[in-house]
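Asks: Okay, structure incoming, though there's no sequence with it:
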């Protein structure tokens, strides 16, 4: 009798333990976040981020076109992310650029995840969303580049006017040559500003960024050429980061905080 009771008690304990563990596992499963996109038995995909009104088309033809778009944006977006990394690193603390860059980076990773899972429909959706993120950040950057370039060019105009109005400029061939060269630089710089504006109108912010960089290159050359020798060190500290950035390089700060090292690619 005692043995039978013991077996009965052990059976109840084991059953209770099984029920408790099953309930715990069930709670864990319900607590897990469901994936944003899941594959159905027929090969189509469902998304928690899209309803039937805006879910992307999932036909064979849609997959074919999506693959073509993904192949292009996978390369293009990455190239632009590399470009953004240089700019954001050189100009830390500018108007939330670093936060926006991290969002672009994470968006690219999410799109690549769908690509590796061979889910071309949602890879295309995420790559196009990532393209928009990148374009928005580029627009912020080129607005700042335009402002910086205009400030530099305003200083250039003042320096060239001073040289132009000097009496010795008329009689000194060297001064006259210096005036001519810097006038040519100024014309090139303003022409680049016009090209940048046209690129922005054409919704091509990356090209606009490169034009603004070239404009700053010539503006800095004018400032350095027409500055007093006593201002050379001040200009070096002020414009070195722009000179490195114009070459698409990152200007690394020295560990001791005593100045800048040579720019690195």
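Replies: Good, I have the coordinates. Just so you know, these numbers come straight off a predicted model, no measurement behind them.
Asks: Which residue is the nearest non-sequential neighbour of the residue nearest to the spatial centre of the chain?
Replies: Central residue of the chain (CA atoms, centre = their mean): residue 84, 3.5 Å from the mean position. Once flanking residues are discounted, residue 84 sits nearest to residue 101: 5.3 Å by CB to CB, 6 or more residues apart in numbering. Yep, even glycine has a C-beta here, placed from its N, CA and C like the rest.
Asks: Likewise for residue 100?
Replies: Setting aside the residues directly before and after it, residue 100 is nearest to residue 137 in space (CB to CB, 6+ apart), at 4.5 Å.
Asks: quick one: which helix or strand includes that neighbour?
Replies: Secondary structure assignment for residue 137, by DSSP states H and E: helix 120-165.
Asks: chain center to that helix, what's the gap?
Replies: Distance of helix 120-165 from its chain centroid, counting by CA atoms, centre = their mean, to the nearest Å, is 12 Å.
Asks: and if you look at stretch 229-248?
Replies: The chain centroid and the centroid of stretch 229-248 are separated by 24 Å under CA atoms, centre = their mean.
Asks: Can you give the contact residues for that stretch?
Replies: With contact meaning CB atoms under 8 Å, 6 or more residues apart in numbering, stretch 229-248 is reached by 83, 86-87, 90-91, 148, 213-214, 216-217, 220, 223-224, 227, 250-251, 259-260, 263, 265.
Asks: which of those residues are buried?
Replies: Among the contacts of stretch 229-248, those classed as buried by neighbour count (16 or more other CB atoms under 10 Å) are 83, 86-87, 90-91, 213-214, 216-217, 220, 223, 250-251, 263.
Asks: just curious, which of those residues is nearest to residue 130?
Replies: Using CB to CB, residue 83 is the member of the buried ones among the contacts of stretch 229-248 that sits closest to residue 130, with 14.1 Å.
Asks: And the closest one, how close does it get to residue 226?
Replies: 31 Å (CB to CB, to the nearest Å).
Asks: Next: residue 236.
Replies: Distance from residue 236 to residue 226, by CB to CB: 15 Å.
Asks: Tell me which of these two has more neighbours.
Replies: Using other CB atoms under 10 Å, the more surrounded residue of residue 236 and residue 226 is residue 226, with 17 against 13.
Asks: what's the pLDDT at that one?
Replies: Looking at residue 226, its pLDDT reads 90.
Asks: That one - nearest residue in space that isn't next to it in sequence?
Replies: In space, and not counting its chain neighbours, residue 226 is closest to residue 159: 4.0 Å by CB to CB, 6+ apart.
Asks: Who are the packing partners of the one helix or strand residue 217 maps to?
Replies: Counting by DSSP H and E, the element that carries residue 217 is helix 205-226. On a contact count with 3 or more CB pairs under 8 Å, 6 or more residues apart in numbering; DSSP states H and E, helix 205-226 meets helix 60-90, helix 120-165, helix 173-201, helix 232-246.
Asks: tilt between the shortest one and helix 120-165?
Replies: I take that to be helix 232-246. Put simply, helix 232-246 runs at 150 degrees to helix 120-165, going by axes from the mean of the first three to the mean of the last three CA atoms, to 10 degrees.
Asks: tell me which residues of helix 232-246 are tucked away?
Replies: Under the neighbour-count criterion of 16+ other CB under 10 Å, helix 232-246 has 239-246 buried.
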